[in-house]
Structure formats: structure tokens, C-alpha cells
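Participant: Generate coordinates for the sequence data below:
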Amino acid sequence: MFHHSIEVRLGDGNLTLFWTDRWLHGKKISDYAPSLAAAVPKQHKLVRTVQEALTDNAWADDVEGALISDVIMEHIRLCYRLLSVNLQVGVKDIVRWRWTSSGQYSASSAYSAFFMGVTAFPLANQLWQSFAPMRCKFFMWLYLHRRVWTADRRLRHGLDTHVTYPLCGSHLETIDHLLAECSYARHI
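Facilitator: Presented below is the predicted three-dimensional model:
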């Protein structure tokens, strides 16, 4: 998640790692050339900056091993992609956090980004702040999310073949039957 949450604006290329950072149109080199990137030893990937790599095409010297056709083709394609890269001498690279307008990281923005798209549960505060015992709160939480392991759910997951409720023996054991519909459970 972290790598997708930052964006690099290239300046002079001294702070950005050529092989591992997402600096080329928001992607890393391995996104464009996976076979080529796999042929580069880790010790080069972790230290080679964009500025060093683009000076006299030094990045090509990082590639080791047999040059199979995939590596050669990706090398040629990457050469063409790198032609459009212009380093700005004297301008530092900027690393921005995508989830704030200022570009500064904050734990709250990371938390919000992590849970982006999650639907809120309106009864959660009422449930967890109630004075019921914790086991009752937990059971209600499971009930409201339809996660109680009744016979119908076990059957859906291929875990059980007995689907009738053992107390009344006549209906499918569902959570709604267990809590509201069963005549036997109502008398208890």
C-alpha cells in the first residue's frame, strides 16, 4: 500500500532509486520491464539513483546474467521510454503523499486511505458502547453481519449436511429462525 500511496516528482534524480521507486510515469522499472529488472542484482537495485543510472546509461551495466530475448526486447523498450526523461539540475526530487492536499504523510490519512471504500456500520457505536456482556456484543456483531455459523451457513461452505434445527426438528437452521421464528426457542 505504501508504494501506491506516494508519488515521486523527479528533479535532479539524486533521491530517487532507479530500479525500485515509482518514478517513471508513476510506475517502477519492473512494471515496464520485469525480465530486465529480474536480471539486476539486489545490491544494484537498492543503491542506484536515477541520476547515476541515466548518466552515460549506467543502468545498462547493472544487468547481469544471460541476455535472453525478453531481456533484450525490454532493454530496447526501456531505452525509448527513458529518452523522454529530463533531469532538472539543482532541483531536488519531491516525494508526495497522495492522500493529503499538502503531500505530507500523516497516520490519520494513511488510516483513512487504508479503509477507503469500506462501508460504515451505523449501529457499531451503539452496539460496542452498550452495557451488555462482551460475549453478547460479539454475538450481536456476528448476527448483524450474518456471520453466525448456523447450519445453513455451514451447508453453504460444505461443512455440514444436517440442516434442520435440532430443537424443533422441522425448519432449516438459520439465524433468523433461531432467534425469532422457532416456536421452541420462543418458549425459552
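Participant: which residues in the chain form strands?
Facilitator: 6-9, 94-97 (DSSP state E).
Participant: ok now do residue 141, which residues does it touch?
Facilitator: With contact taken as Cβ atoms under 8 Å, 6 or more residues apart in numbering, residue 141 is in contact with residue 127. C-betas here are computed from N, CA, C, even on glycine.
Participant: quick one: it from residue 96, how far?
Facilitator: As judged by Cβ to Cβ, to the nearest Å, residue 141 and residue 96 stand 38 Å apart.
Participant: could you list every residue that touches residue 140?
Facilitator: Contacts of residue 140 (Cβ under 8 Å, 6+ apart): 127, 132.
Participant: I meant residue 45, not that one.
Facilitator: Per Cβ under 8 Å, 6+ apart, neighbours of residue 45: 17, 19, 20, 37, 62.
Participant: mind checking the end-to-end distance for stretch 172-188?
Facilitator: With Cα to Cα, to the nearest Å as the measure, the ends of stretch 172-188 fall 19 Å from one another.
Participant: Then stretch 25-44?
Facilitator: With Cα to Cα applied, stretch 25-44 spans 22 Å between its terminal residues.
Participant: Relative to the whole chain's centre, how far out is that stretch?
Facilitator: Relative to its parent chain, stretch 25-44 has a centroid offset of 20 Å by Cα atoms, centre = their mean, to the nearest Å.
Participant: Name the residues that touch it?
Facilitator: Here stretch 25-44 has contacts from 3, 7, 18-22, 24, 45, 62-65, 67-68, 70-71, 74-75, 77-78, 81, using Cβ under 8 Å, 6+ apart.
Participant: For it, buried residues please.
Facilitator: 28, 29, 30, 32, 33, 36, 37, 39, 40, 44 (16 or more other Cβ atoms under 10 Å).
Participant: Buried residues, the longest helix along the chain. List them.
Facilitator: The longest helix of the chain (DSSP state H) is helix 69-82. By neighbour count on 16+ other Cβ under 10 Å, the buried set for helix 69-82 is 71, 74, 75, 78, 82.
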